[in-house]
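Engineer: Provide a 3D model corresponding to the input given below.
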Amino acid sequence: MIYNIQGNSVIASTCFDTVADLKAAAVHAGDVIMTLGYYAAGDGGSAFYSVREKQDSDTADGYSSFEVSGLFVSLVDDGREINVLQWGMKPDGTTDNLPVFNAIQSAQPARTLYFPKGVYAFAGALVMERCYMRLDNAELLCTGTNILHFIEIQGKMYPPETPQDDMFIRGNGIVNGNFKVNNCITVARQKHTVIEGIHIKNFTSNGIHGKNWNTALNPNLSYELEVKDCLISNELSYSGAVGIYDTGDSTYSDIIILNTKTAISATGSSVFHNIHAWCFDFDNSENRQELLEGTVFANIRGNGTRFSDCYCDTYQKAFTLANNVTLAFISNLKWFINGETWPDGLVGTVFNTNSSGKAAYKAFGVFVPGDYNTKFCDIDPATTDSEFFGVVSSAVNAPK
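Structural biologist: Got it, this is the predicted structure:
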């Protein structure tokens, strides 16, 4: 038995195994029909459908509504999450589900999409004015080519110049760019969008991009992105890849970043807490020096970025500063290099200056072993505005 949004029970008068069986049957106005699956009984797409006379305003989308025997048949909607299997998505890893996704967005742009277990292939970008997604051990896999943004959250502006708030992508799931996309998740025109519990992987430019620079979306206000309890992974051979490309006023916490050439590209108004960035994608190979050269834990593009309880594991540089940027706040940093894979000729440096040789790190609680050609910084701390407290380090140039 199913209950509608008013709490009234719905009892099926007829039952079919699949939607195809329903479409081939003789139905009658007033029927409530149950299917045991969408393509096969037990495939997760089981649903109830109502049958009525077709109205002039009725338009069948072919997935949740269709014409049978001249009558209009539509999915019984309980007003809660949309189970994408009930709309005909196939979680087989090969079928292109983009047409179904676009049909759902056209019909129900403000509803939460629920993805049950499986691999959902998409041959193009998932473009949403509003984003409410819950992944239940589900993987969203890009199978297209040269896709700029795989998940593109544009953010509906209402009223004008007011960003959309409270959007989210949550759950135990994977967003897999499959090395066919520049950016796995891109967010525009939003405030307080949450990305939680997601594994973001296999991109050529950015795992998470905090703002879409598409000028057609002006005004493109974007802030207060909240990313937590996520895994971001890539391959070091993609030299321009960045795990998190931050665009400001956001928080990032409890995140593991694996094998990205630059783990974080940060502005000055965001907070990064409990970030573990780790490079290990070289397996003692002969080109491991090439892979590790230029690896950066955090490239800071604006003054005032805050880092706390972070662990930089086998990167060449922990912090770098963009032009005219000097100030960063850091507490409880641990630096580590895996000596079994670290190339003999590579020097690692924790605190680096900007292009003018200036820096103003305000750091408290720093553990930097001096093993494997580690330099504490590439400047003399005594000649800069940097301040270091609670330093435990045997590295070259470490403050005493």
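
Engineer: For beta bridges, what are the partners of residue 185?
Structural biologist: With DSSP bridges as the criterion, residue 185 is bridged to residue 151, residue 208.

Engineer: For the nearest residue to residue 86 once chain neighbours are set aside, which residues are in contact?
Structural biologist: Nearest in space to residue 86, with sequence neighbours left out and distances taken as CB to CB, 6 or more residues apart in numbering, is residue 47 at 4.5 Å. Placement of C-beta: from N, CA and C, glycine included. Shown in contact with residue 47 (CB atoms under 8 Å, 6 or more residues apart in numbering): 34, 35, 38, 75, 76, 83, 86.

Engineer: quick one: residue 47 and residue 83, what's the gap?
Structural biologist: Residue 47 sits 8 Å away from residue 83, going by CB to CB, to the nearest Å.

Engineer: list the buried ones in the strand or helix carrying residue 106?
Structural biologist: Take DSSP states H and E as the rule and residue 106 turns out to sit in helix 98-107. Across helix 98-107, burial judged by 16 or more other CB atoms under 10 Å covers 98, 100, 101, 103, 104, 105.

Engineer: Let me have these in TSV, adding pLDDT and distance to residue 92 as columns.
Structural biologist: Below are the buried residues of helix 98-107 laid out as TSV (pLDDT from 0 to 100; distance: CB to CB, whole Å):
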residue	pLDDT	distance to residue 92
98	98	14
100	98	13
101	98	15
103	97	19
104	97	18
105	96	21
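
Engineer: can I get these in a markdown table with distance to residue 160?
Structural biologist: Formatted as a markdown table, the buried residues of helix 98-107 follow (distance: CB to CB, whole Å):
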| residue | distance to residue 160 |
| --- | --- |
| 98 | 30 |
| 100 | 31 |
| 101 | 27 |
| 103 | 28 |
| 104 | 26 |
| 105 | 22 |
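
Engineer: tell me which of the residues you listed is nearest to residue 15?
Structural biologist: Top of the list for closeness to residue 15, among the buried residues of helix 98-107 and by CB to CB, is residue 100 at 23.7 Å.

Engineer: who's in contact with that closest one?
Structural biologist: 63, 84, 87, 88, 89.

Engineer: Kindly report the same for residue 174.
Structural biologist: 135, 138, 139, 140, 141, 198, 199, 200, 201.

Engineer: Identify the element of secondary structure that the fourth one sits within.
Structural biologist: Read it as residue 140. strand 132-142.

Engineer: Check which helices and strands that strand is in contact with.
Structural biologist: Helices and strands touching strand 132-142, by 3 or more CB pairs under 8 Å, 6 or more residues apart in numbering; DSSP states H and E, are strand 113-115, strand 118-122, strand 147-153, strand 168-176.

Engineer: So what are the sheet partners of the second one and their directions?
Structural biologist: With DSSP bridges as the criterion, the sheet partners recorded for strand 118-122 are strand 92-96 (parallel), strand 132-142 (parallel).

Engineer: ok, now the longest one?
Structural biologist: Its sheet considered, strand 168-176 pairs with strand 132-142 (parallel), strand 194-201 (parallel) by DSSP bridges.

Engineer: what about these, which gets the closest to residue 157?
Structural biologist: strand 132-142 (16.9 Å).

Engineer: Show me the contact partners of the closest one.
Structural biologist: With CB under 8 Å, 6+ apart, strand 132-142 has contacts from 81, 91, 93, 110-123, 126, 150-151, 167-178, 180-181, 198.
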